[in-house]
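1. structure for the following, please:
(2 chains)
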Amino acid sequence: GAGVSQSPSNKVTEKGKDVELRCDPISGHTALYWYRQSLGQGLEFLIYFQGNSAPDKSGLPSDRFSAERTGGSVSTLTIQRTQQEDSAVYLCASSLGVDSPLHFGNGTRLTVT
Amino acid sequence: RKEVEQDPGPFNVPEGATVAFNCTYSNSASQSFFWYRQDCRKEPKLLMSVYSSGNEDGRFTAQLNRASQYISLLIRDSKLSDSATYLCVVNGGGGNKLTFGTGTQLKVEL
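-> Residues are numbered from 1 along each chain as shown, chains lettered A, B, ... in the order given. Predicted coordinates:
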């Protein structure tokens, strides 16, 4: 069966541009997470969606970051006015529920020049 | 206190050694626990869930100590291919999200 799919796999953008990263979770998974990871660092939590509940946005580093999840499935992470410090791998993960393990996508490697 | 804490390592061990990692968590209401493995420049992958009674999968044994609020991962007869970062994951209880530790790096050497 299909796993978590993220696109694009790589994105190079100029400082100040907006970018959109997409995540297709595993069908039927109600929980969806976004993380980012800089080289050699741990996972940094960004945002968490669970079913129809209000998302937990406590990890978003600034108001330039936003995410939505349409129809309880596909999610888009948007970064406005990108900065060089936004360069990282952005990982999406989904699970059946709060007590179930996460399944990760391959990530989007974002480079801001 | 951090929600989930791990010793970052690195743990450098010879092939064939037994190595153990601990991970402490702060929320006594936590109900779900997992160990993940992450290879360099790859996404984390589930290694095993951790059950209350402890569980084993081949060379890997996971245990939960609720009284002291930690989970452990034991790797026996370590292989070169076990070299990776091991992440513990704990849920917050009451429907809260899963939280990752920062990971423990393991290097298995000849």
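2. low-scoring pLDDT stretches of chain A, where are they?
-> Chain A contains residues with pLDDT under 70 at A:1.
3. spell out which parts of it neighbour chain B.
-> A:31, A:33, A:35, A:42-43, A:45, A:48, A:50, A:56, A:91, A:95, A:98-107 (C-beta under 8 Å from any C-beta of the partner chain). Glycine gets a C-beta too; all of them are placed from N, C-alpha and C.
4. excluding chain neighbours, what is closest to B:Arg1?
-> With C-beta to C-beta, 6 or more residues apart in numbering or on different chains as the criterion, B:Arg1 has its nearest non-adjacent residue at 5.0 Å, and that residue is B:Ser26.
5. surely that neighbour and B:Gln69 touch.
-> Yes - taking contacts as C-beta atoms under 8 Å, B:Ser26 lies within contact range of B:Gln69: 7.1 Å.
6. contacting residues for A:Ser73?
-> Contacts were defined as C-beta atoms under 8 Å, 6 or more residues apart in numbering or on different chains; by that measure A:Ser73 touches A:24-25, A:27.
7. likewise B:Phe60?
-> Residues B:35, B:47-48, B:73-76 are the ones in contact with B:Phe60 under the rule C-beta under 8 Å, 6+ apart.
8. that one pairs with what?
-> Each beta-bridge partner of B:Phe60 is listed here, defined by DSSP bridges: B:Asp57, B:Ile75.
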